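A.B. asks: mind looking at a prediction? Sequence and model below.
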Amino acid sequence: MSGFDLDLGSIEREELDDRDRRVVLGILDGSTPGEEWFEEVAHGNVLVLSVEGDLNDLASSFAREVRDAGGSLMHFRGFLIVAPPGIEVESDRLQAHDAES
């Protein structure tokens with residue numbers, strides 16, 4: 001027999017955690033506290049936030065914490081995409097499109 005050890009319990013827990021992840025749509029206008037946005041990302045959720053106002057001011061209450069935790073933020077066409085650690089926001093196709101234009 002091989003030395004391979006399969007722990008089905010941990011796999012099931014990991015799969016459940018992945019199923020609990022979601023994409024959260026919202027409006028970034030200052031009405032939702034930054035702590036709430038950060039908690040969503042900390043739970044593994046991706047945020048797609050329509051920006052209504054000055055992005056720097058509105059995101060300042062959670063952006064640094066997201067980055068410090070290993071997450072990423074990207075502004076795209078009036079939306080702020082916020083991803084937790086382990087989920088990459090790929091923008092390569094945007095750059096290819098810009099080069100063609």
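C.D. replies: Nice, thanks for sending it over.

A.B. asks: neighbours around Val23, how many?
C.D. replies: Neighbourhood size, Val23 [other Cβ atoms under 10 Å]: 10. In this view, the C-beta of every residue, glycine as well, is placed from N, C-alpha and C.

A.B. asks: phi, psi of the residue lying closest to it once chain neighbours are set aside?
C.D. replies: Spatial nearest neighbour of Val23, excluding adjacent residues (Cβ to Cβ, 6 or more residues apart in numbering): Val46 at 4.8 Å. Val46 adopts backbone torsions of phi -100, psi 130, taken as degrees, to the nearest 10.

A.B. asks: who are the packing partners of the helix or strand harbouring Asn56?
C.D. replies: Element membership of Asn56, judged by DSSP states H and E, is helix 55-59. Here helix 55-59 touches strand 23-28, going by 3 or more Cβ pairs under 8 Å, 6 or more residues apart in numbering; DSSP states H and E.

A.B. asks: now do the strand it packs on, average pLDDT.
C.D. replies: For strand 23-28, the mean per-residue pLDDT is 97.

A.B. asks: describe which strands that strand pairs with in its sheet and in which direction.
C.D. replies: strand 46-51 (parallel) (DSSP bridges).

A.B. asks: can you list contacts of the partner strand?
C.D. replies: Applying Cβ atoms under 8 Å, 6 or more residues apart in numbering, the contact partners of strand 46-51 are 21-28, 37, 40-41, 58, 75, 78-84, 87.

A.B. asks: out of those, which end up buried?
C.D. replies: In terms of neighbour count (16 or more other Cβ atoms under 10 Å), the buried residues within the contacts of strand 46-51 are Gly26, Leu28, Trp37, Glu40, Val41, Leu58, Leu80, Ile81, Val82, Ala83, Pro84.

A.B. asks: now the two most distant members of those residues.
C.D. replies: Using Cβ to Cβ, those span at most 19.3 Å, a distance reached by Leu58 and Pro84.
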